[in-house]
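[1] Turn this into a structure:
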Amino acid sequence: MKINKFILSSIIKKINLIKYPLKTKKSETLNKLNKVVLIVHKSLTKNDLKEVFHFLLPNQIKSINLLNLPKKKRKVRKFKTSLFSNVKRSYKKAYLTLNSNISSLFFFDTLPTVINEG
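    Numbers count the residues shown, from 1 in each chain. You can find the predicted model right below:
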């Protein structure tokens with residue numbers, strides 16, 4: 001299969017916009033159901049993700065769902081008497097449903113992970 005250099009460079013740029021897989025209790029239960037949760041850049045669209053994973057894992061992705069999460073306000077106590085509000089950035093989650101082949105789950109373990117307990 002011959003690939004154009006322009007197409008390959010655009011796919012590499014889109015791969016770099018995939019940040020990391022999310023490791024929480026909920027995502028671990030989804031992994032058992034052949035679903036993977038990824039944190040991606042806000043500019044990625046569903047078609048971009050389909051193009052990337054069709055190139056990386058051909059015929060392994062059944063469906064892709066995206067979720068935009070809003071900003072969250074947090075209260076941060078810097079000193080004993082003062083209270084500041086801080087804003088957590090908004091981000092985008094991608095839920096990938098894989099085919100029944102479990103071997104493709106190991107691909108996502110090679111990506112850098114961030115563990116969230118919450």
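[2] where along the chain do the helices fall?
    For the chain, the helices defined by DSSP state H occupy 5-16, 25-32, 46-56, 105-109.
[3] out of the ones you listed, deepest packed?
    Greatest average neighbour count among those goes to helix 46-56 (a mean of 16), per mean count of other C-beta atoms under 10 Å. The way it works is simple: take the backbone N, C-alpha and C, and place the C-beta from them, glycine included.
[4] which other residues reach that helix?
    11, 14-15, 17-18, 40, 60-61, 64, 66, 94, 96, 107 (C-beta atoms under 8 Å, 6 or more residues apart in numbering).
[5] export these to JSON lines and tack on pLDDT and distance to residue 53?
    Putting the contacts of helix 46-56 into JSON lines (pLDDT from 0 to 100; distance: C-beta to C-beta, whole Å) gives the following:
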{"residue": "11", "pLDDT": "82", "distance to residue 53": "10"}
{"residue": "14", "pLDDT": "84", "distance to residue 53": "10"}
{"residue": "15", "pLDDT": "82", "distance to residue 53": "10"}
{"residue": "17", "pLDDT": "86", "distance to residue 53": "13"}
{"residue": "18", "pLDDT": "87", "distance to residue 53": "9"}
{"residue": "40", "pLDDT": "92", "distance to residue 53": "11"}
{"residue": "60", "pLDDT": "82", "distance to residue 53": "7"}
{"residue": "61", "pLDDT": "87", "distance to residue 53": "5"}
{"residue": "64", "pLDDT": "93", "distance to residue 53": "8"}
{"residue": "66", "pLDDT": "95", "distance to residue 53": "13"}
{"residue": "94", "pLDDT": "94", "distance to residue 53": "10"}
{"residue": "96", "pLDDT": "91", "distance to residue 53": "7"}
{"residue": "107", "pLDDT": "62", "distance to residue 53": "10"}
